[in-house]
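Visitor: turn this into a model:
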Amino acid sequence: MAVIASLVVGSNGATILRGESRALSTPADRERFLARHRSAAAFIIGKNSARVENYSGCEVPIFVLTRSFQPLTLTHPTMQQINVFPESDIAEITRRIDERVDGDIVVEAGAQLLISLIKVGVIDLLELSITPIEGDDCFIDIDSLISHFTEIKRREVDGTQLLECRNEGYSTNSEKNS
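Guide: Residues are numbered from 1 along each chain as shown. Model (predicted):
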């Protein structure tokens with residue numbers, strides 16, 4: 001299947017507002033996010049997402065990627081800590097996860113982990129929402145982020161730009177199907 005990431009960004013390039021990404025979300029973004037979230041066969045998240053996000057109703061595997069070798073206090077029984085150090089291992093680790101999962105893997109990570117996954121080419125689809133809300137932390141360069149993708153579709157719903165950025169090049173999905 002595919003490795004699909006979602007990210008919400010404020011109009012000023014921030015991925016956080018008052019300590020959380022959800023504060024940047026609009027109804028159009030939230031609807032798309034929840035549909036993707038509910039369709040996941042597994043999740044890849046970072047340690048901060050594991051600490052602050054609610055996965056209580058989740059019954060699929062949740063892979064928590066971290067550069068720390070310290071055991072994390074995981075809040076959900078399907079969460080598994082995976083150490084990615086050096087960071088160059090992140091592509092191979094993602095491919096191994098993809099081989100174990102039958103269905104789409106959804107990446108719900110912060111900007112730092114997501115950008116690392118994009119740079120090594122393992123994200124098949126990025127669903128990027130750019131909302132009219134201004135955030136206050138974790139700024140990214142949106143143009144640089146989407147430059148890693150070969151096909152970008154845009155539409156606007158109630159002031160929120162909804163982008164679908166596809167990677168037609170190397171990906172876990174294309175290698176698995178070769």
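Visitor: which helix is the longest one in the protein?
Guide: Longest helix in the chain, counting residues (DSSP state H): helix 27-39.
Visitor: so for that one, what's the average pLDDT?
Guide: The pLDDT scores in helix 27-39 average 96.
Visitor: got it, and stretch 150-168?
Guide: For stretch 150-168, mean pLDDT is 94.
Visitor: cool, stretch 6-21 as well?
Guide: pLDDT averaged over stretch 6-21 gives 94.
Visitor: report the buried residues of it.
Guide: Neighbour-count burial for stretch 6-21 flags Ser6, Leu7, Val8, Val9, Gly10, Ser11, Gly13, Ala14, Thr15, Ile16, Leu17, Ser21 (criterion: 16 or more other C-beta atoms under 10 Å). All C-beta atoms are positioned from the backbone trio N, CA, C, and that covers glycine.
Visitor: need the strands for the protein, in chain order.
Guide: 3-9, 14-16, 42-46, 62-66, 79-83, 105-107, 125-130, 137-139, 151-157, 160-166 (DSSP state E).
Visitor: any idea which of these is most buried?
Guide: strand 105-107 (a mean of 26; mean count of other C-beta atoms under 10 Å).
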